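Enquirer: 3D model of this:
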Amino acid sequence: MDRSQLAVFSSLVQAAIRLTLLGCGIAVPLADAQTEQVQNQAPRAGAHVVSGTVTNSVTGMPIARALVELDAQTVRHILTDASGMFRFESVPEGLAKLEAERPGFLQPSDVGTEMRRSVSVQVSADVQGIVLKLVPQGVLAGYVRSIQGIPIEAFPVRVYYRSVVDGKTRWQKAASLSSGEDGYFRVFEMPAESVVVSAGPELWRPRPPGAKHLGYPSVFYPNARGRAAASEITVTPGQEVQTDFSLSQEPLFEVSGEVAGLQETIDTKVELSNSSGEALPLVQVHSGRHDFSAYVTEGRYTLRASAEVDGQAWQATVPLTITSNMVGIRVVLGRRPPIAVKVRNESTVNHNQKPNPLTAAVTLTTGAPSLNPLQFVARQLANGDQTSMVVAGVEPGNYSVEISAYGAYVKSAISGSTDLLHDELLVPEDGGVAPVDVVLSDDGGQVTGSVKLPEHDSSATVLLVPEAGSSKEVRTVITEATGQFEFVQVRPGSFILLAFDRVESLEFRNSDVLSRYLSSGVHVSVAERQVVTASPELILFDK
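Expert: The predicted structure follows:
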């Protein structure tokens, strides 16, 4: 085996040991072997020492047995000693990157750059005193018990964290687990965002003939019925938060029936969800007979069924209010009438030739609060006409219609008498909705300017907020490193410019949240094909 092959083999072995090390926390042999190997190496010309300490970002205490990786032409690993110290010798000149990790601390994707879990240094002499900070995991734990104090085993527990996507709050699932035989549950690696915790419902189990059907309901901490009434919790790094549930048994009611009108060879899918959008256990014993059954506590639920018939999607949605047994439900599938979308152009460019058609993306998002909001996207027709689309399979309810135009602005969007730029679209039970008529124009104005950035920032985010209109019309752009920004194809009207150092956690499509900052903005008025210049002051967003 030549030297290059030996180096590759050695790196593979080190990587395998490293994975084992992190999983078990046992890596003394690797550390000792490597330290000895490094110490026995003769110093080379242009080789230096790189050393430092790994500490806990919360307590400041050194962390022993943390794995430190050095990437300097080759990748090397070493464990910190009892004082949290690490030392690499014979490091060649040039750029070197150091990273640290240890079980019990957050991974790099979960922490900010200010934590200095990794650092890059230019090695031209010995580099000492480097401090790498690891963020301790937050932990959420609790017990699920009956009001009599009896542990409830194998009870489902879910943790959802609040995230902000394009200025709107979304709830994402962070963990899903079950309580142990003592009713205890424990969740590591908690996100830094606000979380809500749900427990239940009790999984269905057979009861003796004639026994009264009782079970534990689905609740949110602290024993709230529905996500809207749940307590939001923030688990800070290194903190352990206790969330205990104390539950009372309630009557369980049967929900059963069949999907009617289909051949036995056609598979059906039936789903049951609660008012918060969480899926509940439901049994389809005989798929050929299309029957289903579930046992739930009193409350409001949604039953959904679907099947593919001759290549077409057939669906049905049945809202349920359960106060007693509901048996013999017949769910009749059918094709929901699609919502037609027509995009019209009012182009002012290239009067002497036919302009390229302006296009847009159209999305319908349910307005009802839910952990799993429904979303339907308009698709182009098969004939290739970019201006004609349909939205298929839309369930009854109220929807926010969001339109993104390409190379233009949305001049108007109407369905019947509903102005979709300001109001929600109502989809009735029969699915009958007037076609959505979208008018695009390319005679919009332009807003340019600059933001004075702090020395340590390379960009900012600028918001263009309409003074009259919906918050869904707020537009964003990221500045260049110089602070310059530009909005093109701006709909004529009056706006407020706001500049933030960061917006990852800013719910700027919530008008109540945004109103707190409007007084710090710059007012601009934009006319057709007009260029407006403004320089808003930078707002430091404090989450």
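
Enquirer: correct me if wrong: Val127 contacts Ser120.
Expert: No. Using C-beta atoms under 8 Å, Val127 is not in contact with Ser120, being 11.0 Å away. Every C-beta, even on glycine, is put in place using the N, C-alpha and C of the backbone.

Enquirer: show me which of these two is the more surrounded one.
Expert: Under the criterion of other C-beta atoms under 10 Å, the comparison of Val127 against Ser120 puts Val127 first, with 19 against 10.

Enquirer: which residues are contacting stretch 53-70?
Expert: Residues outside stretch 53-70 that contact it (C-beta atoms under 8 Å, 6 or more residues apart in numbering): 18, 21-22, 25, 27, 31, 50, 75-86, 88, 91, 96-102, 105, 115, 130-136, 237-238.

Enquirer: what ranges do the helices span in this protein?
Expert: For the chain, helices defined by DSSP state H occupy the ranges 3-24, 28-40, 511-514.

Enquirer: gap between Phe485 and Asp310?
Expert: 52 Å (C-beta to C-beta, to the nearest Å).

Enquirer: and the two? Which one has more around it.
Expert: Neighbour count, other C-beta under 10 Å: between Phe485 and Asp310, Phe485 has more, with 25 against 6.

Enquirer: surely that one touches Leu464?
Expert: No. With contact defined as C-beta under 8 Å, Phe485 does not count as touching Leu464 (9.5 Å).

Enquirer: give me the common contacts of Val127 and Ser120.
Expert: Ala96.

Enquirer: now list the buried members of the contacts of stretch 53-70.
Expert: Buried by 16 or more other C-beta atoms under 10 Å: 18, 21, 27, 31, 50, 76-81, 84, 86, 88, 91, 96, 98-102, 105, 115, 130, 132-136, 237-238, out of these.

Enquirer: now, those that are in strands?
Expert: Judged by DSSP state E, the subset of those located in strands is 50, 76-79, 86, 88, 91, 96, 98-101, 130, 132-134.

Enquirer: mean pLDDT lowest where, among the helices of the chain?
Expert: Across the helices of the chain, helix 28-40 has the smallest mean pLDDT, namely a mean of 37.

Enquirer: quick check, pLDDT for Leu252.
Expert: Note for Leu252: predicted pLDDT of 92.

Enquirer: to clarify, my last question referred to Pro222.
Expert: What the model reports for Pro222 is a pLDDT of 93.

Enquirer: now do the residue nearest to it when sequence neighbours are not counted, the pLDDT please.
Expert: Using C-beta to C-beta, 6 or more residues apart in numbering and skipping residues adjacent in sequence, the residue nearest Pro222 is Ser231, 5.8 Å away. On the pLDDT scale, Ser231 is placed at 95.

Enquirer: need the contact list for Ser231.
Expert: By C-beta under 8 Å, 6+ apart, Ser231 lies in contact with Val196, Phe220, Tyr221, Pro222, Ala224.

Enquirer: ok, it to Val532 distance?
Expert: Counting by C-beta to C-beta, the gap from Ser231 to Val532 is 46 Å.

Enquirer: isn't Ser293 up against Ser256?
Expert: Yes. In this structure, Ser293 is within contact of Ser256 by C-beta under 8 Å, at 3.9 Å.

Enquirer: could you check how far the residue nearest to Gly142 when sequence neighbours are not counted is from Tyr216?
Expert: Among residues not flanking Gly142 along the chain, Thr243 sits closest, at 4.0 Å (C-beta to C-beta, 6+ apart). For Thr243, the distance to Tyr216 (C-beta to C-beta) stands at 16 Å.

Enquirer: what of Pro492?
Expert: 58 Å.

Enquirer: more neighbours: these two, which one.
Expert: Using other C-beta under 10 Å, the more surrounded residue of Pro492 and Tyr216 is Tyr216, with 21 against 16.

Enquirer: how close does the more buried one sit to Gln128?
Expert: 59 Å.

Enquirer: follow-up on the earlier one: which ones are touching the residue nearest to Gly142?
Expert: Shown in contact with Thr243 (C-beta under 8 Å, 6+ apart): Leu140, Ala141, Gly142, Val197, Tyr221, Pro222, Ile233.

Enquirer: just Glu258 next, same as before
Expert: Arg289, His290, Asp291, Phe292, Ile329, Arg330, Val331.

Enquirer: one more time with 6 Å
Expert: Counting by C-beta atoms under 6 Å, 6 or more residues apart in numbering, Glu258 touches His290, Asp291.

Enquirer: got the confidence number for it?
Expert: Looking at Glu258, its pLDDT reads 92.

Enquirer: mind listing the residues bridging to it?
Expert: Counting by DSSP bridges, Glu258 is bridged to Asp291, Arg330.

Enquirer: Val390 now?
Expert: Beta bridges link Val390 to Ala340, Arg379, judged by DSSP bridges.

Enquirer: start the count at 20 instead of 1 going forward.
Expert: In the new numbering, first residue 20, that becomes Val409.

Enquirer: how many residues are close by it?
Expert: Neighbour count for Val409, taken as other C-beta under 10 Å: 17.

Enquirer: likewise Arg363?
Expert: There are 14 residues near Arg363, going by other C-beta under 10 Å.
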